[in-house]
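> next input, structure requested:
(chains A, B and C)
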Amino acid sequence: MDQKYLQLNEDKIKPLKPEFFYRDPLDVAYDLIGKLLIKTGQNPLIVRLVEVEAYRGKKDPASHAYKGVTKRNKIMFQEPGHLYVYFNYGMYWLANVVCHKEKNEAGAVLLRAAIPLIGIEQMRQARRKHNPKVTIKSLTNGPGKLCQALGIDKSHYGEFLAVKKGYENKFLLASDCTKPKDVIQTGRIGIKKASDLPWRFCVKDCEWVS
DNA sequence: TTATTGATGGTCT
DNA sequence: GACCATCAATAAG
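Model (predicted):
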């Protein structure tokens, strides 16, 4: 893994524009590797995404949007760039970014793992509530853990992640111009349907990948 | 180091 | 009532 992933290129942080998310989830997923997820506020938290999965809506049997609109998944059919948060296995919140190309389509990218960069002590405290033995690697090396570290739950369903005039972001996706050159593509994990499709992206040889 | 299992509750049929 | 886009503790090697 490129050591540059471990540092924040603070001077070059640029929020993503809404257009970024108006594309096929597969393209968005690839491009999200190396990007920053920021919890804004007085004590910001910043992590660098190193593992994501694309869920491609109606054409993807593993996608929550496969069978059409429900109360839970409706955000996936709406404006790209919003957070789709859902509860899984009776215990964990999982965070996705809504993205799709055309109106009337649906899709999302699951944020699976990240490298903690800023606010590590705060993230450690948040994770300790669930696992007192948490290590720096187990801070954010899985989709449930990532949400615990960043404090993401159902109250953040529908939050917008790009910049928009007059909107105050709680979470933000941004680039610090760290170019990923060691991204690998594999089958998605933790699912039964369509797990053979290579729609998971992660950084090669990264300790935080799940 | 890998494999296995129990905890746990909303969503959908 | 079955299904889960998970995790942590344990056991075995």
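> what does chain A put close to DNA strand B?
A:His64, A:Lys67, A:Thr70, A:Lys71, A:Arg72, A:Asn73, A:Tyr86, A:Phe87, A:Asn88, A:Tyr89, A:Gly90, A:Met91 (C-beta under 7 Å from any atom of the strand). Quick note: C-beta positions are derived from backbone N, CA and C, even for glycine.
> what would the residues you listed look like in CSV with neighbour count and pLDDT?
Below are the residues of chain A next to DNA strand B laid out as CSV (neighbours: other C-beta atoms under 10 Å; pLDDT from 0 to 100):
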residue, neighbour count, pLDDT
A:His64, 17, 97
A:Lys67, 10, 94
A:Thr70, 11, 96
A:Lys71, 5, 96
A:Arg72, 13, 97
A:Asn73, 21, 97
A:Tyr86, 17, 98
A:Phe87, 12, 97
A:Asn88, 12, 97
A:Tyr89, 8, 96
A:Gly90, 5, 95
A:Met91, 8, 95
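> narrow those to those in helices?
Taking DSSP state H, every one of the residues of chain A next to DNA strand B sits outside helices.
> what's the nearest residue to A:Asn141 if we skip its chain neighbours?
A:Trp208 (4.6 Å; C-beta to C-beta, 6 or more residues apart in numbering).
> typo on my end, A:Thr70
A:Thr70's closest residue in space is A:His64 (C-beta to C-beta, 6+ apart), at 7.9 Å.
> wait, which of the residues of chain A next to DNA strand B is closest to A:Thr135?
A:Met91 (20.0 Å; C-beta to C-beta).
> need the contact list for the closest residue to A:Ile75 other than its chain neighbours.
Excluding the flanking residues, the one nearest A:Ile75 by C-beta to C-beta, 6+ apart is A:Tyr84, at 5.0 Å. Listed by C-beta atoms under 8 Å, 6 or more residues apart in numbering, the contact set of A:Tyr84 reads A:Asn73, A:Ile75, A:Met76, A:Ala95, A:Asn96, A:Val97, A:Val98, A:Ala108, A:Tyr157.
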